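K.L.:
With the input below, show me the fold.
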Amino acid sequence: MPSTVTLPLWLALVAGALAAWALVDRLLLPVVHWFLRRRLERTVEEVDRRLHIRLQPFKLTRRQVLVDRLVHDPEVAAAIEEESEGRGAPRKAVQERVELYAREIVPAFNAYVYFRLGYWLSRNLARILYRVRLGSVDEQALAAVDPRSTVVFVINHRSNMDYVLVSYLVAERAALSYAVGEWARIWPLDTLVRSTGAYFVRRGSENRLYRRVLARYVEMATREGVTQAVFPEGGLSRDGSLGEPKLGLFDYMLRAFDPAGPRDLVFVPVGLNYDRVLEDRTLLLDRRPGAQPVGPLAAAARAAGFAARQLLLVLRGRWYRFGYACVSFGRPLSARAWLAERGLDPRSLPRAERFARVAELAATLMGEVERAIPALPAAIVARVFAQRPGRALAELELKAGAQRLIDELETAGRQVYVPRRDRDYAIEVGLRMLTLRRLVEERGGLYRAAPGDLDLLRYYARSLGPLAEGASPAARASASSSR
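P.N.:
Predicted structure coming up:
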């Protein structure tokens, strides 16, 4: 006879939960994985057809595979043995540290995130905040770069917007792999940044084992043709001028480079500038004597306060974009040709001599980056006031000074962005930007630098080159490398 089986409520709930999990695990998850994988494959196929520099297999390799390759690489294995013997530490403990470093460094590139979400975000954010302009670019020279080459974009670093701006403007040519500092290692930002192909770098780390692992990853990525973007200054410019280059990443790229190999190493100088740098006041505060380093929470609080003030201006109908943001591309430099001119093979050079040559190459590249940095309207007008501190200028005198400055910059081979190809309009735009920010005061038809903001005007003025402060960083680096 049929009988009724009575179960406790808790057991029925457990059985129902297990059945639901089995349904999700065996039916829904495989369908979702298949759907996402197909979308990713279609994205890769689509973008690979239109990119000038195609996606390399190394970039598309699963992250865990790259981590394993890095940890078990012969040179890394030798470094593990050396560290273990030198410190008397168990090999397993040292290898676990190396695995931790590898997981920290190696990116998890996702083409869908990069070309769909990342590109959409960078394009819209850049356009909302700035009037984005592409300055000088030698299309023929860039098109002539062998697609099989490893291309490295060498960029000056003025703002954290640099990542957004350059990624947006280069998206039709290549997918960039940035060397990103520790500022981005905050959840969930680190996951998003890693999925765009960026790899994390501990700036100024003295950990020899970590540096060996990082060096080997950069060598592997360079050898496999991954397109990279580096900021040689190692951090944001604190005073507005172009900083001296850090040589570590350049050395990692060159130390294993084979000039006679099938793949060239090509450096593309990139100069960028803004009418307004979002972090300008914070950067100047960091330079004050006795200033304490800003922690992540304080930095987040400042950013939130700035965003709140801008939102309030939007609600009042008084918000304006932050002027122009412009990017210029210099002429590509082939490492193969540069080394051939000097009869060098970096693989055979002693470390000291190789480092001297790396410094020479870095100085050359920084000189090209400096020439590529666009002179924008706000910087030009700020330069006029910075050269005449305390003086009240009539509009005619201001324009005459700005016109002379533009002539000097163009004669020196610097890139000058003149909107609408109208110098008077450019000067008016620059002056309006500075008066809206109250960096320049207008009284009775005369303009004067606001006394408390002269340092900020000098910050923007230095983007055009040294401000009566001696030789430029690029010139100093060049001079030091020639000695």
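K.L.:
Please make it C-alpha for all contacts and neighbour counts, starting now.
P.N.:
OK.
K.L.:
in the helix or strand hosting Tyr168, what's buried?
P.N.:
In the assignment (DSSP states H and E), Tyr168 maps to helix 161-170. By neighbour count with 16 or more other CA atoms under 10 Å, helix 161-170 contains the buried residues Met161, Asp162, Tyr163, Val164, Leu165, Val166, Ser167, Tyr168, Leu169.
K.L.:
Dump those residues into CSV; add distance to Pro90 and pLDDT as well.
P.N.:
Formatted as CSV, the buried residues of helix 161-170 follow (distance: CA to CA, whole Å; pLDDT from 0 to 100):
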residue, distance to Pro90, pLDDT
Met161, 44, 93
Asp162, 43, 94
Tyr163, 41, 92
Val164, 43, 92
Leu165, 46, 94
Val166, 45, 92
Ser167, 43, 90
Tyr168, 47, 91
Leu169, 49, 89
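K.L.:
out of the residues you listed, who's nearest Val277?
P.N.:
Taking CA to CA as the measure, Val277 lies nearest Met161 of those, at 8.5 Å.
K.L.:
roughly how far apart are the closest one and Trp338?
P.N.:
The gap separating Met161 from Trp338 is 32 Å, by CA to CA, to the nearest Å.
K.L.:
for Ala12, same thing?
P.N.:
Using CA to CA, Ala12 is found at 74 Å from Trp338.
K.L.:
Taking the centroid of this structure, which residue is nearest it?
P.N.:
Nearest to the geometric centre of the chain sits Tyr163, at 4.3 Å (CA atoms, centre = their mean).
K.L.:
For this protein, which strand extends over the most residues?
P.N.:
strand 265-274 (DSSP state E).
K.L.:
re earlier: can I get the CA coordinates of the helix holding Tyr168 in PDB?
P.N.:
Only the C-alpha atoms of helix 161-170 are listed here, as PDB (Å, rounded to 0.1, in the frame of the first residue of the first chain):
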ATOM      1  CA  MET A 161      44.000  60.200 -16.900                       C
ATOM      2  CA  ASP A 162      47.000  59.300 -19.100                       C
ATOM      3  CA  TYR A 163      46.000  55.600 -19.100                       C
ATOM      4  CA  VAL A 164      42.500  56.500 -20.200                       C
ATOM      5  CA  LEU A 165      43.500  59.000 -22.800                       C
ATOM      6  CA  VAL A 166      46.200  57.000 -24.600                       C
ATOM      7  CA  SER A 167      44.200  53.800 -24.500                       C
ATOM      8  CA  TYR A 168      41.300  55.600 -26.200                       C
ATOM      9  CA  LEU A 169      43.400  57.200 -28.900                       C
ATOM     10  CA  VAL A 170      45.500  54.000 -29.600                       C
END
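K.L.:
quick one, it and strand 265-274 angle?
P.N.:
Counting by axes from the mean of the first three to the mean of the last three CA atoms, to 10 degrees, helix 161-170 points 120 degrees away from the direction of strand 265-274.
K.L.:
helices and strands around helix 161-170, which ones?
P.N.:
Contacts defined by 3 or more CA pairs under 8 Å, 6 or more residues apart in numbering; DSSP states H and E place helix 161-170 against helix 119-129.
K.L.:
Run a quick neighbour tally on Gly235.
P.N.:
17 (other CA atoms under 10 Å).
K.L.:
Secondary structure class of it, three-state.
P.N.:
coil (DSSP: H, G, I helix; E, B strand; the rest coil).
K.L.:
ok, so what distance separates it from Leu283?
P.N.:
11 Å.
K.L.:
Please apply the same query to Glu75.
P.N.:
Glu75 is 39 Å from Leu283, by CA to CA.
K.L.:
These two: who's more crowded?
P.N.:
Neighbour count, other CA under 10 Å: between Glu75 and Leu283, Leu283 has more, with 20 against 14.
K.L.:
tell me the contacts of the residue nearest to the more buried one when sequence neighbours are not counted?
P.N.:
In space, and not counting its chain neighbours, Leu283 is closest to Arg238: 5.1 Å by CA to CA, 6 or more residues apart in numbering. By CA atoms under 8 Å, 6 or more residues apart in numbering, the contact list for Arg238 reads Leu283, Leu284, Asp286, Arg287.
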